[in-house]
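In: Here is the input, now give the coordinates:
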Amino acid sequence: MIIMSVDFGDARTGIACCDKTEMLASPVCTINETYIENTLKKVAEVAKERKAEKIIVGLPLNMNGSRGPRADLCEEFARRLAELVEVPVRMWDERSTTVTAIGYLNETNTRGKKRKAVVDRVAATIILESYLMYRKNHPEEA
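Out: Numbering: from 1, shown residues only. Below you'll find the model as predicted:
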């Protein structure tokens with residue numbers, strides 16, 4: 001199944017996708033947009049272009065598992081995205097993905113403008129990898 005993940009942000013939204021075998025999650029693009037309506041349309045377009053069969057949207061819970069305003073905004077984004085696409089949209093815990101993405105970029109010495117351009121799609125890839133690992137370990141829920 002081709003699954004697409006979304007790391008929704010106020011200014012930049014990262015997108016990643018996996019192959020049909022769900023073995024490899026890869027960064028796709030970063031949508032640079034501050035207007036949520038345009039972001040929604042662009043994410044839906046990418047999903048259609050990539051022939052996504054499911055979309056995973058990162059849910060930024062606090063470290064203690066509680067919800068904050070950002071989690072509510074991401075859920076609203078996912079709900080509205082589900083109205084634009086014909087595939088299931090699911091939320092997925094994304095705690096620490098941006099921190100992990102920054103760690104990966106530090107290891108590869110990716111700095112400055114280059115880092116800013118890729119950090120969100122790397123975070124989307126980490127979200128997708130986490131979801132794919134869950135599916136692999138819980139086939140009864142797939």
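In: what does stretch 60-68 rub up against?
Out: 70-71, 74, 93-96 (C-beta atoms under 8 Å, 6 or more residues apart in numbering). The C-beta positions use only the backbone N, C-alpha and C, and glycine is treated the same way.
In: quick one, strands of this structure?
Out: If DSSP state E is used as the criterion, the strands of the chain fall at 3-7, 12-18, 25-32, 54-59, 89-93.
In: can you redo these as CSV with distance to Glu129, mean pLDDT and mean neighbour count?
Out: What follows is those, written out as CSV (distance: least, C-beta to C-beta, whole Å; pLDDT from 0 to 100; neighbours: other C-beta atoms under 10 Å):
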stretch, distance to Glu129, mean pLDDT, mean neighbour count
strand 3-7, 9, 97, 29
strand 12-18, 8, 95, 25
strand 25-32, 5, 94, 19
strand 54-59, 11, 96, 24
strand 89-93, 11, 94, 17
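In: Using TSV, please lay out the ones you listed together with distance to Ile126.
Out: Shown next, in TSV, are the strands of the chain (distance: least, C-beta to C-beta, whole Å):
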stretch	distance to Ile126
strand 3-7	8
strand 12-18	8
strand 25-32	8
strand 54-59	9
strand 89-93	11
